Structure formats: structure tokens, C-alpha cells
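Undergrad: Just need the structure, nothing else, for what follows:
(chains A and B)
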Amino acid sequence: MTAPIIDIRDVSKRYDDGPPALAGLTLSVEKGEALAVLGPSGSGKSTLLNMIAGLDRPTEGSVTVAGARVDRMSETASARFRRERIGMVFQFFNLLDDLTVLDNVLIPAQLSGVGRAEARDRAAELLDNLDIARHARAYPGRLSGGERQRVAVARALMNRPALLLADEPTGALDSASGAEVRELLAELNADGQTILLVTHDLALAGSCATRTIELVDGRIARDEHAVAR
Amino acid sequence: MSALGKVVRAGVGRRRVQSLVMVLTTMMAVTASVMATALVVASQAPFDHTFAKQHGAQLAAAFDSGRASREQVAATAHAHGVTAASGPFLLLSLAVRPQPPEGMPAPPVDPVLSLAGRAQAAGPVDDLTVVSGHWPTGPGQIVVTDGWGPPDVLGSTLHLPGVQGDPALTVVGTARSATSTADAWVTPAQAAALTRPGSTPSYQMLYRFGTAGSTAAMTANRAAVSAAAPAGSLQGSQSYLVVRAAAVRQTATFVPFVVALGVLGLVMSVLIIGIVVSGAVSAGTRRIGILKSVGFTPLQVARAYVGQALIPASVGTVLGIVLGNLAAVPLLAQAEGAYQSGTLAVAGWIDVAVPAAVLALVVASALVPALRAGRLRTVEALAIGRTPQVGRGRWAARLAGRLPLPRAFSMGLAGPFARPARSAMIAAAIVFGAVGVTFAYGLGASLNGVQRGLNLDMPGQVGVDPFPSQAGAPGGKPAAPSRLADPAAVARVIAEQPGTKGYFSSVFTDVHFLGVSDAVTAVAYRGDSSWGAYQMVSGRWFTRPGEAVVGHRFLQATGTHVGDWTTLDGDGRSTRVRIVGEALTTGDGGMRVLTDAGTLERAGISVRTATFSIELKPGTDRDRYVAALNKALDPVGASARASQGQISATVVAIDAITAFLTLMLVLVAGLGVLNTVVLDTRERVHDLGVLKALGMAPRQTVGMVITSVAGIGALAGLVGVPLGIALHDVIVPRMGDAAGTRIPPVDMAVYHAPQLVPLAFGGLLIAVLGALLPATWAARTRTATALRTE
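TA: Residues are numbered from 1 along each chain as shown, chains lettered A, B, ... in the order given. Reported below is the predicted structural model:
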């Protein structure tokens, strides 16, 4: 049996004197899974995502992702780790408005020092696969929400990450665009991409997640595997 | 507290870094402005200012006490035209012997001081400035004129060997007179006690007149004073116009570079305040949108932002005034020494005008963007937010992306094009900084070159005087040499001394040239003097009798040029002399002629004695050589000494002032960069968060932020260097002109590749240093926090 891609043990996170954002949470995610994290606002979903991405550190416990203890990494090591092993998709796309679609998608490869030709080939392949190749020279401001989120996904996949993290990927989209993104994520997972997505969107969880957990007050209140998708 | 007050307080308190930068920037700008303005103001006719402040003596007259009584001299205060007078003061001329420093021989000749007996420094005319110590209060005390004697003259003892009993006076203070009415002052009783029995001392009277603006008026005034005194009692007098002419020449050397650096400082201060304040307001556009959405009117928004800018700017201004006044003290002290003027201080109006101008500038800089933001539609203001308008600088981003550079750097390079106006202003500030540094380097290098050139007055590593050493004189009291050594005998000893590579003799003497009314100083050389030649402005060094090299003023005074002939009038004979070169010399006001001793002999002027200059063979130990040579010279009555270059007080003052003002320029430019990067980082913090989430490492973040100003810095450096060189090429010749010389090409050509390369990187360095701190902050910002920031 292979090691889980995400192994979180007894993780707690406290901010100041308030109640803990995460309270002794333990979670294991296998390679190839598509895990949807559900829960009301303030339940700790985003905190959990930040821990896995190495953007935040737990107060207690350990976070191991793709075999590496991200909770012990320095800023530089965690940046390198994110660059090589993790892709991130955000609710509000977080594209750089002054760069073209192609340049946005190229950034992770360029930060990693991937060769120019290799990076451009990979970007072209992704843009083509995600059906946004015609927008390569456009600026993100001219695209629809769904198209922008496709660009964000292409950027996240640029370095072939072991894990794709998505934070409310349909939260800022209309229903048609939301459906597009749901379909895209399901296809990616079907191709073997491990995905962890944080969402309020039950339709998204239902359509592309192989497993769903619900957080309440920083704890896992429910953990269900989908029978079939 | 009103809603407006709360908004202002929150705006200042919440943005601590930005407020701190604004405090620091206004503080540095005000400090630089106060210093620069004070120096520029002090450089405008410092003699006239000091003269007016001290009620300087327009005429200093000396009366023979044998022909006029004290009362008769005092009565001249009522002469026609006199409006104020001080005196009579007993005036003595006495030789003094300063206590030599430990282990050093006494000077061969006792200097003679004009010594006045004055009860107090203050008076209706010639109100003396006590620079250090205090005025004499009793016997045994003396105050000397500032700049006389060694730096530690205060507290030292002066012996008066010519007065019975060899009395000693303690220097209790130094003072400055606008027209140098005396070299030293004692109490009236002390002056009387120092008067030699049987001698007839002078009485000094100092006057001011109703009309004294011209030489003719002063001639009439002198005649009126003379007429009011017993016939023949007026021994001599000095008009302030003569002193003024010399002072104006001295000041003129400083004015060009002080004004250049001062104006640079002022322009930079204006630029930086504009950048900082308008940038701070522009960065708050989204907040302005929020304020408008809750009901603030455009005018209230403008008032809030002007208030927000004024609070830190006022704190900075107050600190800057204090710092500027403190920092101006040593700077003006240098200028005092250089201008030989009375105490210079920051004029009161500067402390009012500079803060008023700076705060007005702050209001104007804040008002324009605040009104513009206030007039924006609320949704627009909210939408514009922190990030620059989308679309600006895209072409730059595209181009930079194609450069074969790491992506973090190419993104940084494109950054400035998103805010072109701000980038242009910061580029201008760095250009001024680079101009200042380049000019300061060139000025220093040229002046040091000139100083080396002027030191060729005394070339060679060893000098030989035609008299025995004074160091070991019996009883420690040096005696004047009774006879001078024979030059031929001295030359033989030097030639035979192992280690001698070359030598020549030279002697200074007054000569007359046809068409020049005053005597001209000639330096007569014997032997091969080419290795000790002065720096040449044009032409060449003389090679034979009948050729001469001259100073610039000589050419001006005689209307001659290099290549012309002139006539040397000698002892009943004259000889034609060909001018073969113009040399760098400020000695004798540039009225100096350098020639072979044979030239003077052709005119019947005999050169009997001389000082020798010796060049040593490489590897020769100078101290051992001097010791051995002294032993060999002892029988012929001459003595050797190690030559030491002199350092001009003027050059030291210029170097100090230049270094100080340049440092201010660089600091202000650096602060401007720091502020710009702080604003940019704040505005782009969300983008930074995205990039960090995508895997941009802290080092890459630092690289990107630094590159965002490094390009501007490098470009500004490349623009600033030629401008600085151009400024140098304009200012330095003017300074030379004021000092009575042209600057030799070798001293003007001070910018070579080894200097130009680091100078060109100066702008880059200012930019990198200014950006380093905010770049580190950007790298340390938590990614999750940055992503949450709207």
C-alpha cells in the first residue's frame, strides 16, 4: 500500500484568544482521491487548505504532504515545495491582470527555472486541453469568469503537481461557468489528478469528489466516500 | 472626536510604516533644505554680512602718540563725516615666540603681531566676535585672531622676547574682526605694561562714516580724519574696501559649488516630498471610495487626506528644523574659516520660510490627488483600489518577459511602467543623487590634483635650507642664522650624497616686468628642474635662460599669451623673456614667474642663495638620507629636512562641505526610493501573495522588488553621471577663475573608466539600498495574510 499523499495528524491551530480554527484534526488523503471539504463559514476549511499548502503552520500536530513535513519547512523550502508539488486554484482566480493568459500560465514554470521551450509547450498543451488556447494573448480582464478559472487551473497544473488545491473554485462564477469548472475538475480527477477542494457548493462536491468531509468548529463531523460518480 | 478627525487619526495610526517614512522624508528634506539654504545665504557676500553685523571699521587709523595725545586722537571721532568711532586703543608691534609643540624646534624667525589694548570685544565700531575662550580680564592674558597659530593655540603661552623680562602671556581666547584691525588683543593696562620704555607706541582709532561706498569717498574720509588730528600724527590707515576685495575673491572660490550642491539639495527635497505625499494619497484611493460610500463629500475626503499628510509631515518638519540647525553648525563653521568671516548662523527667516514652504508643498502634493480621488465615482474609486490601472505598462511586461532573465527579475523590471509618473519622479530623484555624487567625486579629485600641483612649490622628497638646523640650538632658543651657506658648496655635497637622483635650487625674489606697476615674484631655478615642474595649464616648462613659465594672473595683467615675449627690468639692465608656458599657481595671487636663474642674471639680478629640492633614487630611505645629508652639510652651514606637502584649509573646507551635502543628497534619494517601494509593495501585496502561493521563494520576492527600482536606478545613474561631469566641467573652472588660476587639463580630466564604472552604478546602488528594507518586508509577508488583503 502506498503512503497517503496528505497525512495530517492531531493538528490544531489557534489565532489569538479565540476558539481554535482547527482542533486536533487528523486526516489522510490517498493519491488519486478527489476530496471535497465542506462546512459553514469559520469551520476551519480555509485554515486546513493553508496548512496543506504550507501557507500557514499548525499550533500543534504534523502535516505531511507528498512525503514532506510542510509544517517544518522554512519559507523558502515551502515556496519551492508549492512550486513543484502543489497547484492552487482560488475563488477569485488571482490572475495577474497585467500579464497575458499565456504569461500567467507560464509563471510557475518560469519560477522553477524550466526551459523556455519546454514551458511554452506545456502551457500550449494545457491551454489547448482546457479549451482556452484562443485566449493565449488576451489579458484576463477580457475573459468570462469560467474562462478565467480555466486559466487559473491551467496555471495550477503547469508544473504537473502531485496535489491540486482548490478554494471555492466555483464561488465567484455564474451557474453555467460553475458547471464548466465542475466538469473540468471531474475530468482531471478521472485522469488521476489528486484534488482537495474547499467549497460550499454541494453540486461541485457531488459531481467531482470521490470523498467528502464536513468540518464543524475545526473538527471532522462527517467523512463519506462516494459510492460512484 | 468628529468623523473626519477619526478618519485622519486612523489613517495616520494604521499606516505606521508610511507615516514613519513621511516623517523621515520630510525630516531629511527639511534638514537638507535648511543646511543648503543657510550655506547658500552665507555664501552671498559673507564679508558684507559680517561687516554689517560687527559694525566693521570702514577706516582703521594709527596715530603717532608722540605727536598726538590720547585726547586729541579721541577728538577725531567728531571729524567731518564720522558717524561712529571706537578707540583710541594703544597699538603695539611685538615679536612673539610661541611655545613649540613637544619635541619640535622653535621656528627660525619670531612672528611679529600687531597688538591692541582693548577693554572689551564689543564697541560701536569693530564689534569683535569672540570665537573661543573669553576676552582678557587681567594681566598675563591675550586673545589672538582666529586662525593664528596652531589649532590648539588656546591655553598656550606666548613669550615676548623683545620686552624686558621676557614676559609670557597665556592665550585665553580667539576672536575675529571683520577687517582684521589687529592680530591680538590684551587689556589696556597690559598693553601699557608691554610698551618699551622710551618708545612711542601708536593709538588706533576705528571709524564709520556717512558715505563710504567708494575709494574716492574713503579718500575724503581719511583726509577729514587726518585734518582733525594734529598735523603729521596720522601714521597710516587701512580702508575696508581693500580687505573687502580680498574677501570677495576668497568667497568667490566657494560660491559656485555651494550654490550648485545647494540647488541640487533643494530641488531633490521638493521632488521627494511630492513623490512621498502624492504617492501616499494615491495609495488610499480605495479607502477614499469607502469613505465616499459612507457619505463623505469630496471636500471632506480632501481635507482628511491633507490632514493625514500634514500630521507626519509636521512632525518631520519640526525634527528637520532642529536637525538642520544642529547639522549647519559644523558646516557653517567650515564656511566661516573658509570665508574668514565672523560667526555664521542659520538666518532666522530660514527657520520660518523652509517649514512654511515644505508644509505648503505637502498640502499641494496631497490636495491634487485627494481632490482627484474625491471626484472619482465611488464605485470607480473602490474598483481602482490599490493596484495600478489595468493596461498600463503591459507592453513593458511583455517585453521584459522575453528577456533571458529569471522571471522574478523580468517581472520586477516591468513594474515601474505600471506607475510611469511615480517612476519618472523617483528616477529624477536618483538622477539628482547621481549628479551630486559624480560632481562631488570630480570636485574632490580635481581639488586634490590642484593641491598636488600647488605642492610643487616645494617639490622633491627632501629640501635643503642654506642655514644650519635650528632644532638643537642651545637653550632651546633659536637664533637667526648669521650667514647663509654657499649654494655651490651645498650643491657639491648633495651631488656626492648616495641616493641622490636629481636636484635643483630655487629662490623666490621680487622682480619688475615692463608694463607691470607692482613687483612680481620670480622663482629662479638652477639645475634641471623639469622633474619638479609645476602642473602646466598650457605650453611647456622652460628649458633654458630667457624662457619663463608664468601664472594666469600674470598673463591677464600683462595682456600676453603663451609664446609672447615680455621684458624683465633688472639692475640697470633689461632682458627679453619668452613665455613658454602657463603653470598652475595661486601663490602671489597668480602673479608669479618661474624661470632659470640665468634669466635673472641676464638682467643683472644676482641670485646668491637658494633652497635645494632633491629627488631620491627609488628605494632610498628618506629619513636615513636626511640624517646622512645633514651630517655632510654641517661643515658648509646648511641643513636638510624631509619635504612635506601642505594641505590647503580651503581644500579641506570644500571637501568637508561637499561630503556633507552629497551624503544628504544620497540619503534623500534613498528615502525617496524606500517610500516608493513601500507604496508599490502595499499596492501589489495581493499580487505578491498570489506569486508566493504559486511558489515564489523569499529570495525571488526580494529580487523582484529590488529589480522594480534597480532598472530605474541603473538608468538614472547612466543619465546622472554625464550630467554630473558636465556640472563639474562648468563649476571647477569657475572656482579656479575665482582663485586666480586656470585648472590644468590633467586636473580636469579626473573621470576615467575605473571611476566612471562605479559612478555609473551609483544610481543602482542608491536604488538597491533604498529598496532593500521594503523588499525584505515583502518577502516576509505571510502568504495567507497577503492573499486575504484586498
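Undergrad: quick one: low-confidence parts of the stretch 601-750 of chain B?
TA: Across the stretch 601-750 of chain B, the ranges flagged by pLDDT under 70 are B:609, B:644-650.
Undergrad: Nearest to chain A within it, name that residue for me.
TA: Relative to chain A, the nearest point of the stretch 601-750 of chain B is residue B:695 (2.4 Å; C-beta to the nearest C-beta). C-beta here means a position set from N, CA and C on the backbone, and glycine is covered the same way.
Undergrad: That residue: how many residues sit nearby?
TA: The number of residues packed near residue B:695 is 25, by other C-beta atoms under 10 Å in any protein chain shown.
Undergrad: again with residue A:67
TA: 11.
Undergrad: now the nearest residue to it once chain neighbours are set aside, what's its secondary structure?
TA: Of all residues not flanking residue A:67 in the chain, residue A:3 sits nearest, at 6.3 Å (C-beta to C-beta, 6 or more residues apart in numbering or on different chains). Here residue A:3 is recorded as coil under DSSP: H, G, I helix; E, B strand; the rest coil.
Undergrad: Next, work out how far apart residue A:3 and chain B are.
TA: According to C-beta to the nearest C-beta, to the nearest Å, residue A:3 and chain B sit 23 Å apart.
Undergrad: got a pLDDT number for that residue?
TA: Predicted confidence (pLDDT) for residue A:3: 85.
Undergrad: now do residue B:327
TA: Looking at residue B:327, its pLDDT is 78.
Undergrad: What distance do you get for it to chain A?
TA: 40 Å.
Undergrad: residues touching that residue, list them.
TA: Each residue near residue B:327 by C-beta atoms under 8 Å, 6 or more residues apart in numbering or on different chains is listed here: B:31, B:34-35, B:660.
Undergrad: Now with 10 Å, please.
TA: For residue B:327, the contact set (C-beta atoms under 10 Å, 6 or more residues apart in numbering or on different chains) comprises B:31-32, B:34-35, B:38, B:320, B:346, B:660, B:664.
Undergrad: Return the residues in contact with residue B:775.
TA: Residue B:775 makes contacts with B:412, B:677, B:681, B:698, B:701-709, B:768, as judged by C-beta under 10 Å, 6+ apart.
Undergrad: Of those - the most surrounded one?
TA: Result: residue B:709 is most packed of the contacts of residue B:775 (other C-beta under 10 Å), 32 neighbours.
Undergrad: Would you confirm that residue A:149 contacts residue A:172?
TA: Yes: assessed by C-beta atoms under 10 Å, residue A:149 is found in contact with residue A:172 at 8.0 Å.
Undergrad: out of those two, which sits in the more crowded spot?
TA: Shown here are residue A:149 and residue A:172; by other C-beta under 10 Å, residue A:149 has more neighbours (30 against 15).
Undergrad: Would you agree residue B:781 is in contact with residue B:689?
TA: Yes: between residue B:781 and residue B:689 a contact is recorded at 7.4 Å, counting by C-beta under 10 Å.
Undergrad: the more surrounded of the two?
TA: Comparing residue B:781 with residue B:689 by other C-beta under 10 Å, the one with more neighbours is residue B:689, at 23 against 18.
Undergrad: Just give the nearest non-adjacent residue to the more buried one, would you?
TA: residue B:786 is the one closest to residue B:689 (C-beta to C-beta, 6+ apart), at 2.8 Å.
Undergrad: Distance-wise, check whichever residue of the stretch 351-500 of chain B sits closest to chain A relative to residue A:190.
TA: Nearest to chain A, among the residues of the stretch 351-500 of chain B, is residue B:407, at 3.4 Å (C-beta to the nearest C-beta). For residue B:407, the distance to residue A:190 (C-beta to C-beta, to the nearest Å) stands at 32 Å.
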